[in-house]
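In: Below is the structure, and that's it, no one-letter string:
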């Protein structure tokens, strides 16, 4: 679970900073929903990671919720873009169908989110010890 907690910090930055760097703040005027969705996801992941690091009794539930939200949030962007690519039909103007690298990146991000979600579900949080071995 130590690796998942590290990945949780990294992915909080991926969702917040990545979305901002990729689209820019001005994209709020184009599609605020997708921006807010990624920012909320990043914030939930960051909160879960901090709670896990501090050994909070709520950390495990927040980790499950944050990774579930992340996996669900990446499902449509990945599969819609993949479907558009496979069909050769552009569904959204800001998702060019010939951008294979974007499809691959979304697939990798979605896969990591699903893996972390499953690992978190299968892990029982020891409420007396966190990853560092310190008392909670």
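Out: Now that the structure is in, tell me what you want to look at. Everything numeric in this text was worked out from a predicted model, so none of it was measured. Residues are numbered from 1 along each chain as shown.
In: Can you point out the buried residues in the lengthiest helix in the chain?
Out: Criterion DSSP state H: the longest helix present in the chain is helix 59-87. Applying a neighbour-count criterion of 16 or more other CB atoms under 10 Å, the buried positions in helix 59-87 are 59-60, 62-71, 73-74, 77-78, 81-82, 84-85. Backbone N, C-alpha and C define where each C-beta goes, glycine included.
In: Quick one: distance of that helix to the chain centre.
Out: From the chain centre to the centre of helix 59-87 is a distance of 7 Å (CA atoms, centre = their mean, to the nearest Å).
In: Remind me what it packs against, helices and strands.
Out: helix 2-23, helix 28-54, helix 100-122 (3 or more CB pairs under 8 Å, 6 or more residues apart in numbering; DSSP states H and E).
In: Taking helix 28-54 as reference, get the angle to that helix.
Out: Here helix 59-87 runs at an angle of 140 degrees relative to helix 28-54 (axes from the mean of the first three to the mean of the last three CA atoms, to 10 degrees).
In: and the direction of helix 59-87 versus that of helix 2-23, what angle?
Out: Using the same axes, to 10 degrees, one finds that helix 59-87 and helix 2-23 are set 50 degrees apart in direction.
In: could you give me the average pLDDT of helix 59-87?
Out: Along helix 59-87, the predicted confidence averages to a pLDDT of 94.
In: tilt between it and helix 100-122?
Out: 150 degrees.
In: Please tell me how far residue 110 sits from residue 90.
Out: 20 Å (CB to CB, to the nearest Å).
In: who's more crowded, these two?
Out: Remark: of residue 110 and residue 90, residue 110 carries more neighbours, 21 against 13, as counted by other CB atoms under 10 Å.
In: Quickly find the element holding residue 89.
Out: Assigned by DSSP states H and E, residue 89 falls within no helix or strand.
In: Tell me who's in contact with it.
Out: With contact set as CB atoms under 8 Å, 6 or more residues apart in numbering, residue 89 has these partners: residue 97.
In: Give me the phi and psi for it.
Out: Dihedral pair for residue 89: phi -120, psi 130, per degrees, to the nearest 10.
In: Residue 95 too?
Out: Dihedral pair for residue 95: phi -130, psi 80, per degrees, to the nearest 10.
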